[in-house]
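[1] My questions are about this predicted structure, shown below with the sequence.
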Amino acid sequence: MPAARLSSLRTSTTAQLTAPTVTPWSPASTATPRKVTTTMGKKKIAKRSKIKAFVKVFNYNHLMPTRYSVDIPLDKTVVNKDVFRDPALKRKARREAKVKFEERYKTGKNKWFFQKLRF
């Protein structure tokens, strides 16, 4: 399975994008973890170590590929373009991404993946 390519969004991630059945632009589905800080107390660290993942569709023009890649195996049958049509499938895809991200975060591998990119 090929490694996932990391991309930096060139716009704000606060905009809610919906995925119509046919888009006039090429869509890219993303699944990323939220920011986690470690400069807090033990209780706060344990609470903040729970990663909230999201699955959205972005236009390729708003993504900037980087040289970094990570080998988190997301199941392509769960996280695909059909999840945007059914809310239950989207919930399942978010849960799948959350489990994989938390598993990788707790093992301590790829620490740079859970930090803000510097460039």
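    Happy to help now that I have it. Everything quoted here is computed from the prediction, not taken from an experiment.
[2] Kindly export the top strand by length along the chain (C-alpha atoms) in CSV.
    Counting residues, the longest strand found in the chain (DSSP state E) is strand 63-70. In CSV, the C-alpha atoms belonging to strand 63-70 read as follows (Å, rounded to 0.1, in the frame of the first residue of the first chain):
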residue,chain,number,x,y,z
LEU,A,63,-3.8,21.8,-1.5
MET,A,64,0.0,22.1,-1.6
PRO,A,65,1.8,18.8,-1.7
THR,A,66,4.9,18.4,0.5
ARG,A,67,7.8,16.1,0.4
TYR,A,68,6.7,14.3,3.6
SER,A,69,4.8,11.1,3.6
VAL,A,70,3.4,8.8,6.3
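[3] Who are the packing partners of it?
    strand 4-9 (3 or more Cβ pairs under 8 Å, 6 or more residues apart in numbering; DSSP states H and E). All C-beta spots, glycine's among them, are computed from the backbone N, C-alpha and C.
[4] now what about the helix or strand harbouring residue 103, what contacts it?
    Taking DSSP states H and E as the definition, residue 103 sits inside helix 87-107. Contacts with helix 87-107, where a contact means Cβ atoms under 8 Å, 6 or more residues apart in numbering, come from 31, 33, 36, 49-55, 70, 72-75, 78-80, 82-84, 110, 113-114.
[5] and if we set it to 7 Å?
    31, 33, 49-55, 72, 74-75, 78-79, 82-84, 110, 114 (Cβ atoms under 7 Å, 6 or more residues apart in numbering).
[6] What distance do you get for residue 42 to residue 48?
    The gap separating residue 42 from residue 48 is 11 Å, by Cβ to Cβ, to the nearest Å.
[7] Pick out whichever of the two has more residues nearby.
    Each of residue 42 and residue 48 has its neighbours counted (other Cβ atoms under 10 Å); residue 48 has more, 14 against 7.
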